[in-house]
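J.: need a structure here:
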Amino acid sequence: MKWQALLAAFLFLATGLFASAQIQVSAQTQRSYFLLYERIDLLVTLTNIGATDLILDNNEHRPWLSFMVMGQSVGQNYLPVHRERESNFNSLTLKVGETKTLRVNITPLFGIRAEGNYRVSAVIDLPGEGQIVSDAVPFSVQKGRVVASHLHTVESEQRTYSLVRFSPSSDETRLYLRVEAPDENVVYANLALGDLAASTDPDFLFDPQGQVHVLQPSSMGTYLYSRTDADGKVEDQRIFKAIPEQPRPRLTKLDDGSVIVQGGLEQDPNTPREKLSDTQMAGKTAASPPAPAP
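T.: Modelled structure (predicted):
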């Protein structure tokens, strides 16, 4: 059995070397740290270094592009992460000398359910010739810090809505909205709303339609308002400026349950952020979008 394993390894390397004469593959992420359940994009770069044009296509239900994800265990060893679904990509043609880069979200493909260190490699399958595996790309997954969390019922389903503070790098902090149904083991959304200042926690309210309203301090005297649907999809975002010697902008719920931003000045998105529009209103500003023009 030992010699069979060695022979298989030799054949794998041999076919890989042969295939490497046709194409080069590399992979990278745009940053090293990701929030748990966040979208993790892998940039896969392919170059045809052969003498003929190359068509990459799925063959006998085997995808031409797949991935290997390894997670670091307690014993510091890297073990395979469970694949939850197969990747499915359209065919791709590479002319001689041509380079193309694909952006692939690997989060829905693998069961990355815990914080820790991971490695991911892209795998190109050339039928009859072998596989080419890119160098492993390291990245880390972290939980972040939950600053607010609420249970809310959506069509008889209990969902947890959480605001999570997370720093993807040493010089920035972002606020994420996570929407999940723990009983169903489903994460509907886990997206960055925007930058978050360290001084003040965000406001967080629901309206009668089940929409989520968040007002977060994004920098000194500046607040970012976001409105999402029940699944966490952003429907509106606006910027508000604090007014000197007046209370800061706050989310307020009216008697009918609707949510408004009270205080501050809304900044016109079509003007530079350091200037305020002459047409902005102070005081109460409706958080819902303006009515469409007739």
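J.: drop to CA atoms for contacts and neighbour counts, all remaining ones
T.: Noted.
J.: now the strands for the stretch 101-250 of the chain?
T.: Here the stretch 101-250 of the chain has its strands, by DSSP state E, counting those that start in this stretch, at 116-126, 130-133, 137-142, 145-154, 157-169, 172-181, 186-195, 203-206, 212-219, 222-228, 234-241, 250-253.
J.: mind putting the ones you listed in CSV, mean pLDDT and distance to residue 43 included?
T.: Formatted as CSV, the strands of the stretch 101-250 of the chain follow (pLDDT from 0 to 100; distance: least, C-alpha to C-alpha, whole Å):
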stretch, mean pLDDT, distance to residue 43
strand 116-126, 94, 9
strand 130-133, 90, 14
strand 137-142, 96, 10
strand 145-154, 94, 28
strand 157-169, 95, 18
strand 172-181, 95, 22
strand 186-195, 94, 19
strand 203-206, 96, 35
strand 212-219, 96, 29
strand 222-228, 96, 28
strand 234-241, 96, 25
strand 250-253, 96, 39
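J.: can you map out the helices along the stretch 1-150 of the chain?
T.: 2-20 (DSSP state H, counting those that start in this stretch).
J.: which regions of it lie under the pLDDT threshold?
T.: Scanning the stretch 1-150 of the chain for pLDDT under 70 picks out 1-21.
J.: Out of the strands of the stretch 101-250 of the chain, which gets nearest to residue 102?
T.: Closest approach to residue 102 among those is made by strand 116-126 (11.0 Å; C-alpha to C-alpha).
J.: Show me what the closest one pairs with in its sheet, parallel or antiparallel.
T.: Strand 116-126 has the following sheet partners, assigned by DSSP bridges: strand 65-72 (antiparallel), strand 130-133 (antiparallel), strand 137-142 (antiparallel).
J.: Export those to a markdown table and append columns for distance to residue 86 and mean neighbour count.
T.: Formatted as a markdown table, the strands paired with strand 116-126 follow (distance: least, C-alpha to C-alpha, whole Å; neighbours: other C-alpha atoms under 10 Å):
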| stretch | distance to residue 86 | mean neighbour count |
| --- | --- | --- |
| strand 65-72 | 8 | 20 |
| strand 130-133 | 16 | 21 |
| strand 137-142 | 20 | 18 |
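J.: Including distance to residue 31, could the ones you listed go into CSV?
T.: As requested, these are exported to CSV (distance: least, C-alpha to C-alpha, whole Å):
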stretch, distance to residue 31
strand 65-72, 17
strand 130-133, 21
strand 137-142, 8
